[in-house]
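S.K.: based on what follows, work out the 3D shape:
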Amino acid sequence: MAENEENNAEIAAAPAADQPEGPQFALQRIYLKDSSFESPRSPAVFQGQWQPKINFDIKTKNSKIQDDVFEVVLVLTVEATLEDEPGFIVEVHQAGVFTAKDFDNVQLEQLLATVCPNILFPYAREAIDSLVVKGSFPALMLAPINFDALYTQQKQAAEANANDEAPAPEAVN
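M.R.: Model prediction:
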């Protein structure tokens with residue numbers, strides 16, 4: 001009987017299972033916020049050989065909706081050019097609402113800049129491919145992106161800019 005009482009005491013002392021400790025992260029919703037597709041040279045663009053130069057641009061934005069709830073928007077822009085003329089231009093704003101609780105500011109910044117875009121990217125890539133195919137162009141499957149490396153590069157560039165702009169120490173005579 002004493003053994004049962006010990007087990008009951010251990011259970012009572014354990015933290016409640018529905019109260020996780022430490023930082024919490026959750027995805028609430030993923031949605032397409034905006035998209036556009038242009039093919040300014042149609043139908044002439046379809047008459048020649050299709051060997052475009054592809055330009056790709058990526059941006060992320062985030063905003064606080066309420067305490068511990070953030071919207072992250074991944075903006076992907078792809079432009080295919082033939083002989084310096086646009087074949088098509090497609091832009092997708094893929095968004096998500098995320099809960100991020102009990103992270104310090106540095107962790108939160110990195111989470112919103114890396115983890116959230118990693119979650120959104122496959123949806124944005126599919127949306128771009130779908131728009132391109134509906135425009136009667138060959139499928140365009142974008143390669144995966146290392147958002148951690150991009151974040152690190154941006155932080156290093158910002159630090160380098162801050163060091164370049166820092167006033168030079170005055171000479172002591």
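S.K.: contacts and neighbour counts: CA atoms only from here.
M.R.: Noted.
S.K.: tell me which element Gln153 falls in.
M.R.: Following DSSP states H and E, one finds Gln153 within helix 147-165.
S.K.: repeat that for Lys61.
M.R.: For Lys61, the element it lies in under DSSP H and E is strand 53-66.
S.K.: looks to me like Phe103 is in a helix.
M.R.: No: under DSSP: H, G, I helix; E, B strand; the rest coil, Phe103 sits outside any helix and is assigned coil.
S.K.: tell me the spacing between it and Val45.
M.R.: Phe103 sits 50 Å away from Val45, going by C-alpha to C-alpha, to the nearest Å.
S.K.: kindly report the same for Ile119.
M.R.: As judged by C-alpha to C-alpha, Ile119 and Val45 stand 34 Å apart.
S.K.: what does Gln153 give?
M.R.: For Gln153 relative to Val45 (C-alpha to C-alpha), the value is 37 Å.
S.K.: grab the nearest non-local neighbour of Cys116.
M.R.: Excluding the flanking residues, the one nearest Cys116 by C-alpha to C-alpha, 6 or more residues apart in numbering is Val72, at 6.8 Å.
S.K.: distance across stretch 59-72, terminal residue to terminal residue?
M.R.: Terminal residues of stretch 59-72 lie 11 Å apart, using C-alpha to C-alpha.
S.K.: how about it: buried residues?
M.R.: Neighbour counts using 16 or more other C-alpha atoms under 10 Å place 60, 62, 69-72 of stretch 59-72 among the buried residues.
S.K.: list the contacts of the residue most central in space within the chain.
M.R.: Nearest to the geometric centre of the chain sits Pro117, at 1.9 Å (C-alpha atoms, centre = their mean). By C-alpha atoms under 8 Å, 6 or more residues apart in numbering, the residues touching Pro117 are 60, 72-74, 147.
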